[in-house]
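Participant: The sequence isn't on hand, but the structure is:
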């Protein structure tokens, strides 16, 4: 019989593996999402579906479903919670793109470019409302509290990020506070509420929350590293969005810390002053690469992925648990 480690190594696409283990539930989540996108105002479903159907991995709702099934849940409320989690995530993306003046999202033209900022903000608000309707229908006040609190933390993370915009004095601690709030909070809440709705023990709920929290940080660290990846560029994948938006992420923080005077002047011009020219992205990638910023970001992501897997160590053996461990491993080594 294969060990869990061997099964993990056999899976080249762990998120697909996990999806396959809970496929009927995820299909139900998609049905709920599309049912609840309905509105008598055509703009709302048109704009929302532009993002909802744009190819995202549905990782956050997948965590909710997986946590519930891992504890043997046989009800249906986890589907409503998973859909609520996806609505919260989508709403924050719509708001993010307005705040960041983004032109692209998941390789497509951002909704705010197509429909305008006002429409994007209002449809984001609509999705938040739909999310809270679904939470209430799940009928668990404690679960509602966790997801509502996560929504507040995400908003706080957005405000925190404003402080670091175009600011090369941003510390590593501040950066980690931002991604903990903006990304890890919803990952943690997604996994935790799945465990809660399934009636998990305090230890199981805590393990799932710890897993989601660490996975979210690792996931975001790798996302930020990939945005400066020369390998990504060679593969024809979109890169440089953070650079163009002058975001101060860990790769930039590390590269600036280790920069000589010429490189420091480059970063001040492109990030602090926002004066970017043709060829600057290629130069930024070179600076990030030669200072070891990608490796350092990846190493930190590895530590958080290890924390995520450690959190699951006390959970009884199960194929879903093995798949969740594989997802944490995959998030560190992924190329997209």
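Facilitator: Cool, got the structure. The shown structure was predicted, so the numbers you read here are calculated from the model rather than taken from an experiment.
Participant: Low-confidence stretches in the protein?
Facilitator: 1-12, 55, 102-107, 230-238, 335-336 (pLDDT under 70).
Participant: ranges for the strands of it?
Facilitator: Secondary structure of the chain (DSSP state E): strands located at 104-105, 108-109.
Participant: Each with direction, which strands does the last one pair with?
Facilitator: So that's strand 108-109. strand 104-105 (antiparallel) (DSSP bridges).
Participant: Do I have it right that residue 294 meets residue 252?
Facilitator: No - counting by Cβ atoms under 8 Å, residue 294 does not reach residue 252; the two are 11.2 Å apart. For every residue, glycine as well, the C-beta is placed using N, CA and C.
Participant: Counting neighbours, go ahead and name the busier of these two.
Facilitator: More crowded of residue 294 and residue 252, by other Cβ atoms under 10 Å: residue 252, with 27 against 24.
Participant: show me the contacts for the more buried one.
Facilitator: 168, 228, 242, 243, 267, 271, 288, 293 (Cβ atoms under 8 Å, 6 or more residues apart in numbering).
Participant: quick one: which of these is nearest residue 193?
Facilitator: Closest approach to residue 193 among these (Cβ to Cβ): residue 242, at 29.7 Å.
Participant: ok, how many other residues are close to the closest residue in space to residue 133 that isn't next to it in sequence?
Facilitator: What sits nearest to residue 133 in space, not counting adjacent residues and going by Cβ to Cβ, 6 or more residues apart in numbering, is residue 36, at 7.6 Å. By other Cβ under 10 Å, the residues close to residue 36 number 19.
Participant: so how far is residue 274 from residue 221?
Facilitator: Separation of residue 221 from residue 274 (Cβ to Cβ, to the nearest Å): 24 Å.
Participant: which of the two has more neighbours?
Facilitator: residue 221 (29 against 12).
Participant: what's near enough to touch the residue nearest to residue 133?
Facilitator: Counted by Cβ under 8 Å, 6+ apart, residue 36 has contacts 83, 87, 130, 133, 134.
Participant: Do a quick rundown of the helices in the stretch 101-250 of the chain.
Facilitator: 111-115, 117-138, 141-164, 172-179, 185-197, 202-226, 230-234, 241-244, 250-257 (DSSP state H, counting those that start in this stretch).
Participant: Would you mind measuring from the nearest residue to residue 302 once chain neighbours are set aside to residue 219?
Facilitator: The shortest distance from residue 302 to any non-neighbouring residue, by Cβ to Cβ, 6+ apart, is to residue 332 (5.3 Å). Remark: distance between residue 332 and residue 219 (Cβ to Cβ) = 9 Å.
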